[in-house]
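1. would you be able to build a 3D model of this:
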Amino acid sequence: MTDTSLIRNFSIIAHVDHGKSTLADRLLELTGTVQKRQMKEQLLDDMELERERGITIKARAVAMTYKAADGKTYHLNLIDTPGHVDFNYEVLKSLQACEGALLLVDASQGVEAQTVVNAHLAEQAKLTVIPILNKMDLPHARPEQVAREIEDAICIPADDAIPVSAKTGLNVEKVLEAIVRDMPPPSGDPAGKLQALIFDAVYNDYRGVVIYVRVFHGTVKKTEFIRMMGTMTHYEVMEVGKLKPDMQAVDELHAGEVGYIVANIKKLQDVVIGDTVTHADEKLRATPLPGFRKPKPMVFCGFYPTVPSEFENLRKALEKLRLNDSSFTFEPETSDALGFGFRCGFLGLLHMEVIQQRLEREEDMDLVQTAPTVRYRIKQHNGEEKEIRSPSELPDPSVILEYLEPITRVNVVVPAEYIGAVMKICTDRRGQYVKTDYYGRERVMIGFRIPFGEIIFDFHDHLKSATRGYGTMDYELEGFEASDLVKVRILVAGDEVDALSFLTHKDQAETRGRRILKQLRKEIPRHQFEVALQAAIGGKIVARESISAMRKDVLAKCYGGDISRKRKLLEKQKEGKKRMRQVGAVEIPQKAFLSVLRSGDED
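-> Numbering: from 1, shown residues only. The predicted structure is shown next:
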């Protein structure tokens with residue numbers, strides 16, 4: 001049994017692209033966990049999508065052994081974390097299973113928005129934080145100023161921040177020594193009742209669901225019976241082991257250790273991230289650990305299979321994805337235009353994009369995706385509050401007292417010269433200024449309160465353009481506030497198309513309605529009669545476009561003669577068109593429908 005005083009559980013937290021995965025590579029190399037011939041860049045980012053985009057999407061765990069300067073051999077468990085704001089929940093899961101964290105800051109770029117957020121998460125989890133300045137090999141690295149920024153922004157002493165270069169390996173040995181010296185060992189009694197936290201899980205076609213756990217108390221061995229306290233299910237342990245970084249079976253996992261459990265878990269619903277594993281025997285059963293806060297999806301969109309017969313395959317693919325990404329939710333829904341599909345909830349736009357691409361690549365699904373929307377609430381005259389995820393869920397307007405929209409606190413970190421540009425972008429999106437904090441002389445963090453519906457589409461793109469790529473942002477939901485929202489109905493030939501209706505602020509309703517009608521006009525083919533496209537708020541039409549009728553040239557055979565004959569032919573055609581409009585139906589092709597959903601909020 002490993003002495004718990006020789007175990008260190010830690011994670012690396014950083015902003016996107018500050019070198020977190022590269023530092024993990026160097027630690028694996030220095031500790032001899034991975035042989036030179038097996039080594040490749042960003043080893044822990046094993047998903048094709050992660051390597052392609054250069055971001056960490058999934059938290060990964062790896063066990064290392066390190067012989068320190070004091071002559072003792074330590075067991076280090078690294079639980080890797082993503083850096084993007086949309087994967088905040090992944091960071092939270094990882095930190096819950098650690099005693100310490102390495103705060104990695106790019107010595108050339110300095111403190112960014114997500115650096116501040118992740119550092120605060122580590123402080124809330126009461127972790128020991130060790131600041132590290134990375135990319136010291138770059139000619140424009142500025143360690144003294146960045147150390148001062150860390151002290152100003154995060155209030156962590158940074159005098160002894162370790163200057164490293166993860167790329168060249170400079171001073172990485174000092175990081176290992178600091179982990180051993182400064183981070184506390186895990187507390188817990190190996191002889192006590194079993195308490196293990198599920199911080200991740202993966203699905204294996206041959207072994208069922210494999211759960212990744214951090215054992216806080218007690219010991220778990222092969223052939224023992226375990227119980228998931230959240231789902232009240234029992235299983236026999238078939239194998240326990242450690243991730244080095246591939247699975248390696250061991251005899252037992254005891255208090256303080258991180259590893260995996262295989263227990264022939266066939267139902268994906270039986271595993272909940274944040275659940276506590278204990279022994280099935282009532283005498284040995286422990287109390288549940290304080291779990292994670294349940295993430296609430298912020299952005300919603302519909303996923304529909306292009307071929308209706310693929311509906312069940314899509315359900316299975318979504319269940320498999322939800323297993324190792326518990327912040328993702330879905331439920332079945334139907335649409336008049338797209339048939340059967342699922343309403344899916346995500347933490348942000350990047351999260352949505354990643355899920356869609358994983359479904360297409362890993363599960364080989366051909367998907368149709370609708371435009372993203374956010375959660376709204378309505379207060380009714382009877383005092384009830386109701387949550388609305390799509391305009392089709394709205395009740396009759398007569399029962400609605402007021403609309404509530406989600407408000408986010410947005411923090412933007414930029415060089416001081418771009419303050420004006422950021423202020424304009426935020427105020428254009430109904431933002432309320434909160435405060436400005438300076439980090440040294442060159443960088444500022446500007447705080448705004450902005451409705452969430454205003455930032456989910458292209459706020460980040462505009463921010464990057466206006467600040468030449470230097471601006472970074474982070475947001476968190478503050479709550480719901482009353483707002484002057486309206487439901488805009490889209491009518492095609494007088495019939496309402498429910499799936500195209502949307503909720504928006506009164507000031508922007510007409511503009512957005514007009515954009516959608518222009519898009520529809522391009523995509524709907526011409527009919528034998530004129531087709532009217534209208535946007536309406538309540539009973540009032542606020543925008544209109546027309547698709548002109550296809551006309552046969554009935555005068556082609558008239559080479560002359562009396563004008564009354566031509567007029568008679570034209571009148572006869574006009575009467576026919578009028579009758580056709582009364583009985584004819586307009587069909588919106590799927591292509592037209594999708595183009596509107598995807599570009600209804602673009603110029």
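
2. could you pull out the helices in the stretch 401-550 of the chain for me?
-> In the stretch 401-550 of the chain, the segments counted as helices under DSSP state H, counting those that start in this stretch are 419-428, 452-455, 459-466, 506-523.

3. now do the chain
-> 20-30, 48-53, 88-96, 113-124, 143-154, 172-182, 311-323, 349-362, 419-428, 452-455, 459-466, 506-523, 563-583, 590-599 (DSSP state H).

4. next one: the residue nearest to the spatial centre of the chain, what pLDDT does it get?
-> Most central in the chain under CA atoms, centre = their mean is H351, positioned 2.6 Å from the mean C-alpha point. Looking at H351, its pLDDT reads 76.

5. and what of G19?
-> For G19, pLDDT reads 80.

6. and the gap between it and P143?
-> Using CB to CB, to the nearest Å, G19 is found at 14 Å from P143. The way it works is simple: take the backbone N, C-alpha and C, and place the C-beta from them, glycine included.

7. one more: D200?
-> Counting by CB to CB, the gap from D200 to P143 is 34 Å.

8. higher neighbour count, the two?
-> A side-by-side neighbour count of D200 and P143, using other CB atoms under 10 Å, places D200 first with 25 against 16.

9. surely that one meets Q96?
-> No: D200 is beyond contact range of Q96, at 11.1 Å (criterion: CB atoms under 8 Å).

10. can you name every helix or strand that the longest strand along the chain contacts?
-> Longest strand in the chain by number of residues (criterion: DSSP state E): strand 400-415. Strand 400-415 sits against helix 113-124, strand 376-380, helix 419-428, strand 443-451, helix 452-455, strand 472-483, with contacts defined as 3 or more CB pairs under 8 Å, 6 or more residues apart in numbering; DSSP states H and E.

11. pick out the shakiest of those, pLDDT-wise.
-> Looking at the helices and strands packed on strand 400-415, the bottom one is helix 113-124 with a mean of 79.

12. need the strands for the stretch 201-350 of the chain, in chain order.
-> Under the criterion DSSP state E, counting those that start in this stretch, the stretch 201-350 of the chain contains strands at 208-217, 219-221, 225-228, 233-236, 239-243, 247-250, 252-254, 258-265, 276-279, 299-305, 329-335, 339-346.

13. can you tell which of those strands is closest to V542?
-> With CB to CB as the measure, strand 329-335 is the member of the strands of the stretch 201-350 of the chain nearest V542 (24.3 Å).

14. what packs against that closest one?
-> Here strand 329-335 touches strand 299-305, helix 311-323, strand 339-346, going by 3+ CB pairs under 8 Å, 6+ apart.

15. ok, now with 6 Å
-> For strand 329-335, the elements it packs on are strand 339-346, judged by 3 or more CB pairs under 6 Å, 6 or more residues apart in numbering; DSSP states H and E.

16. give me the number of residues near the nearest residue to P391 once chain neighbours are set aside?
-> The spatially closest residue to P391, leaving aside those adjacent along the chain, is S501, at 4.4 Å (CB to CB, 6 or more residues apart in numbering). Burial of S501 is recorded as 19 neighbouring residues (other CB under 10 Å).

17. S501 and L491, how far apart?
-> Taking CB to CB, one finds S501 at 10 Å from L491.

18. again with I563
-> To L491, I563 is 38 Å away according to CB to CB.

19. more neighbours: which of those two?
-> Between I563 and L491, counted using other CB under 10 Å, the more crowded position is L491 (18 against 8).

20. pretty sure that one contacts A535?
-> No: the criterion here is CB atoms under 6 Å, and L491 misses it with A535 at 7.6 Å.

21. phi first, then psi, for the nearest residue to M228 once chain neighbours are set aside.
-> Distances taken as CB to CB, 6+ apart place D275 nearest to M228, at 5.3 Å, with adjacent residues excluded. Main-chain dihedrals, D275, degrees, to the nearest 10: phi -70, psi 160.

22. look up how far P186 lies from D275.
-> Distance, D275 to P186, using CB to CB: 20 Å.

23. try S564
-> Counting by CB to CB, the gap from S564 to P186 is 100 Å.

24. neighbour-wise, which of the two wins?
-> Set S564 next to P186 and count neighbours by other CB under 10 Å: P186 wins out with 21 against 8.

25. hang on, isn't the more buried one packed against H254?
-> No: in terms of CB under 6 Å, P186 does not count as a neighbour of H254; the distance is 10.3 Å.

26. read off the pLDDT value for the closest residue to K552 other than its chain neighbours.
-> Counting by CB to CB, 6+ apart, K552 lies nearest to Q573, which is 7.4 Å off, once chain neighbours are set aside. The model reports Q573 with a pLDDT of 75.

27. report how many residues lie close to Q573.
-> Using other CB under 10 Å, Q573 has 16 other residues around it.

28. run a quick neighbour tally on I516.
-> Neighbours of I516 under the rule other CB under 10 Å: 23.

29. ok, it to K487 distance?
-> I516 is 13 Å from K487, where distance means CB to CB.

30. over to T231?
-> Applying CB to CB, the value for T231 to K487 is 39 Å.

31. neighbour count: these two, which is higher?
-> Shown here are T231 and K487; by other CB under 10 Å, K487 has more neighbours (19 against 12).

32. so that one sits against S390, correct?
-> No: with contact defined as CB under 6 Å, K487 does not count as touching S390 (10.8 Å).

33. stretch 387-400: which residues count as buried?
-> Buried residues in stretch 387-400, counted by 16 or more other CB atoms under 10 Å: 388-391, 394, 400.

34. need the residues that contact it.
-> Residues from elsewhere that reach stretch 387-400, judged by CB atoms under 6 Å, 6 or more residues apart in numbering: 300, 375-378, 380-381, 487, 498, 501-503.

35. go again with 8 Å.
-> With CB atoms under 8 Å, 6 or more residues apart in numbering as the test, stretch 387-400 has contacts from 300, 343, 345, 373, 375-382, 386, 487, 498-499, 501-503, 538.

36. and that stretch, C-alpha only, in PDB?
-> Taking Å, rounded to 0.1, in the frame of the first residue of the first chain, the C-alpha atoms of stretch 387-400 are listed here in PDB:
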ATOM      1  CA  GLU A 387     -39.200  28.800 -18.100                       C
ATOM      2  CA  ILE A 388     -39.200  29.100 -21.900                       C
ATOM      3  CA  ARG A 389     -36.600  27.400 -24.100                       C
ATOM      4  CA  SER A 390     -38.200  28.100 -27.500                       C
ATOM      5  CA  PRO A 391     -41.000  30.500 -28.600                       C
ATOM      6  CA  SER A 392     -43.300  27.500 -29.300                       C
ATOM      7  CA  GLU A 393     -43.500  27.000 -25.500                       C
ATOM      8  CA  LEU A 394     -45.000  30.500 -25.000                       C
ATOM      9  CA  PRO A 395     -48.600  30.400 -23.600                       C
ATOM     10  CA  ASP A 396     -51.300  32.800 -24.800                       C
ATOM     11  CA  PRO A 397     -50.100  36.500 -24.500                       C
ATOM     12  CA  SER A 398     -53.100  37.400 -22.300                       C
ATOM     13  CA  VAL A 399     -51.700  35.300 -19.400                       C
ATOM     14  CA  ILE A 400     -48.200  36.800 -19.500                       C
END
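
37. for the helices of the stretch 401-550 of the chain, which one sits closest to Y206?
-> So among the helices of the stretch 401-550 of the chain, helix 459-466 is nearest, using CB to CB, at 40.7 Å.

38. off-centre distance for that closest one?
-> In terms of CA atoms, centre = their mean, to the nearest Å, the centre of helix 459-466 is set 18 Å apart from its chain centre.

39. between it and strand 400-415, how big is the angle?
-> On the basis of axes from the mean of the first three to the mean of the last three CA atoms, to 10 degrees, helix 459-466 is oriented at 30 degrees to strand 400-415.
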